[in-house]
Each structure stands twice: as structure tokens, then as C-alpha cells.
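J.: sequence and predicted structure are below.
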Amino acid sequence: MTDHPSSSVISRYAGGDLDLDEATLWSVEVHLEECGDCRARLAGSAPADVLTLLDRVSNGVDQGIAAGPAPVPVRRRWSVAGHRWVVWQLVPWLTMTAMVLGCAVLLQALEPSLPSLVLLLAPVAPLPGVAVAWSRGSDPAWELIASTPAAGLPLLLRRTATALAVVIPMLGMATDQTGVSLALALLPCLAFTTTAIALGAFIGVRLAALGLAAAWSAVVAVPAVFTAHLPIVLQPGSLGVWAFIVVATAALAMTRADRFLTRR
């Protein structure tokens, strides 16, 4: 319909005239969607009782708003962008990691004969944060975040970087207090992080992190404490092996990036 509907058609439409044929109804409605002048004419053509009712409702709403309580201040909520980097559920795990490393430093000072507990804990120190970083159960905004283009491996890497940004300074302070090599603590830490992410593409990040922590404790950490000797994997000559693991597992994770869209 290119011409404006006549005043009579507008009046019949406003009054709900049942005699208007469907073609006329359709053409009027299509025209009203694009023409502000005709919408104004339609508003003025409404029956008097309808206009009175609309005025009464409008006045009632205005009075209700004016008499009601003041609007509640909108609290600033953690944004979607913030959730891409961190979830609050990381806080207790990172706090626990700090406490465990602190206890390791204290025990080392009390029992110098023990093997370096800091080095034994370094590989598994970031794993709680990695496990929480990409878990439906630990993220209340999971459905919202998972539906964004940044979900999957990019989201996991961001949150893992946040965990490492806390864990690495902890390791730095612990190694400084105990006199052990930071490189020997840092490279295994990074290697277990990238390995957990790479394995997470196949079995899920949470399960991969828990499995690595359990395996390291059973095979390396506990026997080292009982024998009072650091294993060969934590000797200075092992740095090259740890660096290779970091590079290899990081590359594997990148080639399987699409799997993180479904893995939990």
C-alpha cells in the first residue's frame, strides 16, 4: 500500500470494524509500521472510551511509581568479560595452595634433612586452579559464558593464566626462602599445567588435573619423602626434559582446540 489510508479506513480500523476485509487490514497494518503520521492519526481516531481507559491506566501507573519506594540501587555485578578471566571459586583453591606452600617452607626449616618439599609440590601447585578453570560445576555463569565466541580453549587459557599469575609468585617466594632453584620449580609447574590442558582435550580438564596430581603424589612425591632423596626428574639435568614437555603438550592442546567446546 503506497498511499496513506483514508480517515474513514483509519477510524474503522481503530474501532475494530469487523466488516473490513483482510486485504485492507493487512495493508493498513503494514503501512502503520512505517508511517508515523498515520500512527498519530490512529491514536487520535480511537474511541473515546478507549482513550479514557488509556489515560486512566497511564495516570495510575504514574501515581504508583511516585508513591512507591525509591528504586533499589543497581549493584555492580561481575561482568561476562570478568568471568572470562576468573571465577570466584578459584579463590579458596589458590588460598589453599598458598597455605600448603607456606607449610612446606616451614617444614623445610624445621627438618632440613627432608627433600625439598617446594620442588615436590611445584608440579601440582597449579592443578587445582586448572581443574576449576573449565568446569560446569564451579562456574555459576557457565551457560552464559559457554555460549560466547570466546568459550573453549581461549577461555581455559585465560583462567589458567590467572591461576598461574598467583601461583608463580608463590613459588618464587617459596624457592627464595628455601634456597632451591626457581627454574626447577617453574618448569615442572608449567609442564603439568600444559599437560593437564592437553589431556583435557580427551578426558576433560578436571579429570586430567586430578589424575596428574594423584599420579605425581603416588609415584614421585610420597616415595621421595620416605627415601629423603629428590627423584632424578627434579634434578638440574632434567630441565631440558621439562621444557620439551611444555612445548609438546602446548602444541598438542592447540591442535585439539575444538574439543574444548564440548569437554567439561
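T.: Cool, the structure landed.

J.: let me see the contact set for W216.
T.: W216 is in contact with 123-124, 192, counting by CB atoms under 8 Å, 6 or more residues apart in numbering. No exception for glycine: its C-beta is placed from N, CA and C like everyone else's.

J.: continuing past the longest helix seen in the chain, what's the next helix or strand?
T.: Assignment by DSSP state H gives helix 153-178 as the longest helix of the chain. Under the assignment DSSP states H and E, the closest C-terminal helix or strand after helix 153-178 is helix 182-203.

J.: quick check, distance from the helix or strand just after that next one to the centre of its chain.
T.: Reading on from helix 182-203 to the C-terminus, the next helix or strand found by DSSP H and E is helix 205-216. With CA atoms, centre = their mean, to the nearest Å as the basis, helix 205-216 stands 21 Å off its chain's centre.

J.: ok, residues contacting the helix or strand following helix 205-216?
T.: Where DSSP H and E defines the elements, the next helix or strand beyond helix 205-216 is helix 222-227. Taking contacts as CB under 8 Å, 6+ apart, the residues outside helix 222-227 that touch it are 114-115, 117, 120, 230-231, 234.

J.: so where's the stretch 1-150 of the chain shaky on pLDDT?
T.: 1-2, 45-51, 70-88, 134-150 (pLDDT under 70).

J.: by contact count, what packs against the longest helix of the chain?
T.: Counting contacts by 3 or more CB pairs under 8 Å, 6 or more residues apart in numbering; DSSP states H and E, helix 153-178 is packed against helix 90-110, helix 117-121, helix 127-133, helix 182-203.

J.: now render the ones you listed as CSV, adding distance to R158 and mean neighbour count.
T.: CSV is the format used below for the helices and strands packed on helix 153-178 (distance: least, CB to CB, whole Å; neighbours: other CB atoms under 10 Å):
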stretch, distance to R158, mean neighbour count
helix 90-110, 12, 15
helix 117-121, 25, 24
helix 127-133, 8, 26
helix 182-203, 12, 21
